[in-house]
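>>> pasted the sequence and its predicted model underneath.
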Amino acid sequence: MTAAIDIRGVTKIYNPGSNQPVKALDDVSLTINDNEFFTLLGPSGCGKTTLLRLIAGFEQVSGGEIMLFDDEIENLEPNRRPVNTVFQHYALFPHMTVAQNVAFGLERLKKPRPEIKATVERVLSLVKMKHLADRRPNQLSGGQQQRVALARALAPSPKVLLLDEPLSALDLKLRQAMREELKQLQKETGITFVFVTHDQEEALAMSDRIAVMSEGEVQQIGGPTDIYEHPLNRFVADFIGDTNFLDGEIVDLNEDLVTCRIGEQSMFEAENSGGHRVGDRVTLFLRPEKIRLSTPDDAVSTESRPGTVANIVYLGNQAAYTVDMGDGVELTAQARPREDGKLPFAVGDSLAVGFSARALRVLAQ
Amino acid sequence: MSNWLPKSAAGRRWLGLAPSYFVIGIFMLVPMVIMGVFSFLEPNPYGGVKPVGSLDAYVKLFFEYDLEDNLVFNPGYLNIILRSFQLSFGATLLCLIFGFPVAYFITLQPENRRNLYIYLITIPFWTNLLIRTFAWIIILGRGGVIETPLLWAGIIEDSLRMMYTDGAIAIGLTYSYLPLMVLPIYASLEKLDFRLLEAASDLYANRFEVMTKVVIPLCKPGIIAGCILVFIPCIGAFIAPNLLGGGKKLMLGSLVQFQFASARNWPFGSALSMLLLSAVVVVLIFYARAAKKREAMEGTA
Amino acid sequence: MSSVPMENTTSPRKSKKALPVGHYRGLASWTVVFFVFLYLPIVVLIFYSFNANRMVMNWGGFGIDWYIKAFQNDDIQSAVWNSLVVATVATVVATAIATVGALVLARGGNFRGKTISLGLITLPLMVPEIVTAVAVLIFFAAIGLNWGLGNVIIAHTTFCIPFAFMPIRARLEGMDTSLEQAARDLYASEWETFRYVTVPLLMPGILAGAMLSFVISMDDFIITLMVGGAGSTTLPVYIYSMIRRGLTPEINAVSTLLLLVSIAIVTAYWIMSRKTET
């Protein structure tokens, strides 16, 4: 597999030399493969947009190298880099029509007129906007502007397409539809997409690989399932999906399992991911959807423990239950409403709480 | 307390606007109408007019009577009018070239520093124009601030004779109205979305193209407003041509003043004023048209 | 798909650090030149006002003789007095007229004739000064009004109205009408609302308008020159007559003082407006 983009030890410091330098990126290294849908995921201020802007050339690196298909590009001006950007708020030129916007890059590249015309038509039909070619941006809806922004960035056939939270300004329904389309567009064009978002759902749904970032550092890189099921640390586990965290100490372990004491005397078993010793302080994590709730009589599993419903948050298609397990331990679990729409349990009900040791994982502190 | 106020909204409106209508109507609008009437009367050689209708004032713009009382074309006044336009265009262009980069530079600064720059630009504007123009005599004049060091260093041997030239007038006009160019351009640049510049540069526009294809088209309203704000006072300028042109290099404004102060030809002065006024009206109509067209082009969203 | 040209990057390290997008080399130096151009005359004027020589251009050492001379000059004293009287009266009247006008135009909703009213009030800004001057001169001559300084005051009041009007209207349009509604809701009568809510909130705008009017009136030259007869000489007109008689540093001394007054007023306004913003 060839690398489309190779980030090598890139550091970015804003206001260097001032009394308040801000380190936005700290020695970041990562490789983005050719023809890949790669996502930079993280909360605001984690450095993901900075990294994208460094690749696009809007900012200068403070240290490190950026390779684009084996060419060093970090000192080139943006107009010398064969990458294009879809901006968060689209940044369409208000004084030009849709067609003029899309033709802009091709004109700057001094393409022959017939070729420009043909490319503009092709790209506009690709995003289903050909019928609005003569409109101006402020005559378009948000979704339409989004498509024009995509078409404009795709028209010059960039080696890599950079997308800076392009869906954040759209409403929910449109956002979900655009996810599919973006993924489809990436497959059709074969262009490497680098997608920046803070929305974990978006990242999981579209990406081939995801880099989770926090405080200017890459926390984990992997496929969507890797990231969700095997987070490397507490930040990743917490940022993606809902999670129960249980802090405790290892009291026993064998090849398969570690046994941890949580609270005063509650014992929990979890998968042994290796490298642990008795006496280590660790955090166990357990996804709510891996917990089965049942009434004590229905309990089938020997692994189940007793608990009491402490609080319920109704979410429509399901309800989030906070279950008091005694000994100061609380777990969040999910249950679907019954067919008649009523919730299966009420506050104060006694429950059997079941989960397997394989669902519990040990995180590095 | 407010019983004396009219009850109806229309009545209050009238009451509030009446003083403005009265003062500006009586002392501005009516005088201009009277001026228009005067331009069609015959001059009284001791100042004022004789109540006799005449087109002489307008004829005088282009013709004169020779010794045998025949009308012959006289380009003298026409030349002054053309020169006024040329100098005003020139000064407007200079203001644009000089002012645009500065307005742009200010936009790039952090916000608190921007206010300071704007304040520094407006300060000279609020100070007395006559005084500031007078200072240019000290700068440009014989043995002035520019010449003295050059003479002393032996770079020049004789006076540069910068005063009393069209160049001196153009410098004076540019200097007088420069802030009026910078401020509206700055106002429109300040609203410019800088991400559009990044987008252009991302789409392979070089620095020059970013400027010509994105920045300038988008701040065109500011540029046009600035040009008009500079051009209008230039075309009627009196101080700069009078002090720096030395009275020999006349412009429309000083020509008008001359008709009232010395030549005592009020109808001709009024006709010249009407000409000036119509030039302004033409410029303003052009501006209104351009604004309307832009509104229509950009549509409503 | 790879139709985009790639810059040859054999020696990227050698290239100068690129400027951020939208920044251009030379802008800062251009701005410096701009400000030198803008302030050079003012600096020169002040500098030469301390010239001890009788000729402006020939530097004869430092001295404040010309300031003393200017202060002892009776003509200058009366010109200053005239200027102050004209500016004060014109400012008070123009600001009052502009305030009620702005209240109607900013708060009166949309009504027929609004655009025309706006046009009329800002008319003095659009007409070239020399035309205003000539028209008013003709008008006074035609109706035979000859009140000396009174004529000058009337003319000044007229062209000061738009200068007072603009900041007041801007302030009114930036004001939150819900504050007045809140006052009415809290049982304030219409007058009480105006007196205790609208006026205090509008005060910065009124002050700004008054300051601008005062400065504009103090600085006016061409209209006063045309309209004012003998005995109604204001300071700028007097300075003009001095210039015509011959250049002495006394002109610089008087001019410097007038300049400093204007700068002081505008600076006070600027500082005040920044304070009220925060």
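Received, thanks.
>>> contacts for the longest strand along chain B, please.
In terms of residue count, the longest strand belonging to chain B (DSSP state E) is strand B:49-53. Contacts made with strand B:49-53 from outside it, assessed by C-beta atoms under 8 Å, 6 or more residues apart in numbering or on different chains, are listed as B:F38, B:F40, B:L41, B:E42, B:P43, B:N44, B:W266, B:P267. Placement of C-beta: from N, CA and C, glycine included.
>>> lowest-confidence member of those, which is it?
Note: of the contacts of strand B:49-53, the lowest pLDDT belongs to B:N44, at 83.
>>> mind checking how far that one is from chain A?
Taking C-beta to the nearest C-beta, to the nearest Å as the measure, B:N44 and chain A are separated by 57 Å.
>>> which residue packs closest to that residue, ignoring adjacent ones?
Closest residue in space to B:N44, ignoring its immediate chain neighbours: B:K50 at 5.1 Å, by C-beta to C-beta, 6 or more residues apart in numbering or on different chains.
>>> quick one: furthest residue from the center of chain A?
Distance from the C-alpha centroid of chain A, by C-alpha atoms, centre = their mean, peaks at A:D297 (40.9 Å).
>>> could you look up the SS state of that residue?
helix (DSSP: H, G, I helix; E, B strand; the rest coil).
>>> return the distance of it relative to chain B.
As defined by C-beta to the nearest C-beta, A:D297 lies at a distance of 62 Å from chain B.
>>> A:I116 now?
Distance from A:I116 to chain B, by C-beta to the nearest C-beta: 13 Å.
>>> could you double-check that that residue lies in contact with A:E107?
Yes. Between A:I116 and A:E107 there is a contact under C-beta atoms under 8 Å: 6.5 Å.
>>> more neighbours: which of these two?
Of the pair A:I116 and A:E107, A:I116 is the one with more neighbours under other C-beta atoms under 10 Å in any protein chain shown, namely 20 against 17.
>>> phi, psi of that one?
Backbone torsions for A:I116, taken as degrees, to the nearest 10, come to phi -60, psi -50.
>>> how many residues are close by A:E229?
14.
>>> quick one: name the residues of the stretch 101-250 of chain A near chain C.
Contact residues, the stretch 101-250 of chain A versus chain C (C-beta under 8 Å from any C-beta of the partner chain): A:L109, A:P156, A:S157, A:P158, A:K159, A:T189, A:G190, A:I191.
>>> which residue ranges make up the domains of the chain?
I'll assume chain A. A:3-238, A:242-290+A:302-363 (automatic domain parsing).
>>> hmm, I had chain B in mind actually
Per automatic domain parsing, the structural domains of chain B span B:9-65, B:75-298.
>>> list the residues that contact residue 179.
Picking chain A for this. A:R179 sits next to A:L167, A:E202, A:A205, A:M206 when contact means C-beta under 8 Å, 6+ apart.
>>> that's the wrong chain, I wanted chain B
With C-beta under 8 Å, 6+ apart, B:P179 has these contacts: B:I121, B:T122, B:P124, B:F125, C:L38.
>>> and for A:G42?
A:G42 makes contact with A:K48, A:H198, A:V212, A:M213, A:S214, A:Q219, A:F239, according to C-beta under 8 Å, 6+ apart.
>>> skipping adjacent residues, who's closest to it in space?
What sits nearest to A:G42 in space, not counting adjacent residues and going by C-beta to C-beta, 6+ apart, is A:M213, at 3.7 Å.
>>> near chain B, anything from the helix or strand containing C:V85?
C:V85 is part of helix C:74-107 when elements are defined by DSSP states H and E. Yes. Applying C-beta under 8 Å from any C-beta, one finds helix C:74-107 touching chain B at C:A96, C:I97, C:A98, C:V100, C:G101, C:L103, C:V104, C:L105.
>>> pLDDT score assigned to the first one?
The reference is to C:A96. C:A96 carries a pLDDT value of 95.
>>> which pLDDT value goes with B:L61?
Listed pLDDT for B:L61 reads 86.
>>> gap between C:F62 and chain A?
According to C-beta to the nearest C-beta, C:F62 stands 42 Å off from chain A.
>>> got the buried residues for the helix or strand following the longest strand of chain B?
Going down the chain from strand B:49-53, the next helix or strand is helix B:56-59, by DSSP H and E. Buried positions in helix B:56-59, judged by neighbour count with 16 or more other C-beta atoms under 10 Å in any protein chain shown: B:D56, B:A57, B:Y58.
>>> and for stretch A:273-292?
A:H276, A:D280, A:V282, A:T283, A:L284, A:F285, A:L286, A:R287, A:P288, A:I291, A:R292.
>>> number of nearby residues for the residue in the stretch 51-200 of chain B positioned nearest to chain C?
Across the stretch 51-200 of chain B, the shortest distance to chain C (C-beta to the nearest C-beta) belongs to B:A135, at 3.4 Å. Counted with other C-beta under 10 Å, the neighbours of B:A135 add up to 27.
>>> same question, the one 4 residues further on
A count of nearby residues for B:I139, using other C-beta under 10 Å, gives 18.
>>> element containing it?
Following DSSP H and E, one finds B:I139 within helix B:129-140.
>>> show me what that helix packs onto, helices and strands only.
Helix B:129-140 sits against helix B:166-190, helix B:239-244, helix C:27-48, helix C:235-245, helix C:249-277, with contacts defined as 3 or more C-beta pairs under 8 Å, 6 or more residues apart in numbering or on different chains; DSSP states H and E.
>>> not counting its own residues, what contacts the next helix or strand after that helix?
Per DSSP H and E, the first helix or strand lying C-terminal to helix B:129-140 is helix B:147-153. Applying C-beta under 8 Å, 6+ apart, the contact partners of helix B:147-153 are B:G141, B:G143, B:I156, B:E157, B:S159, B:L160, B:M162, C:M57.
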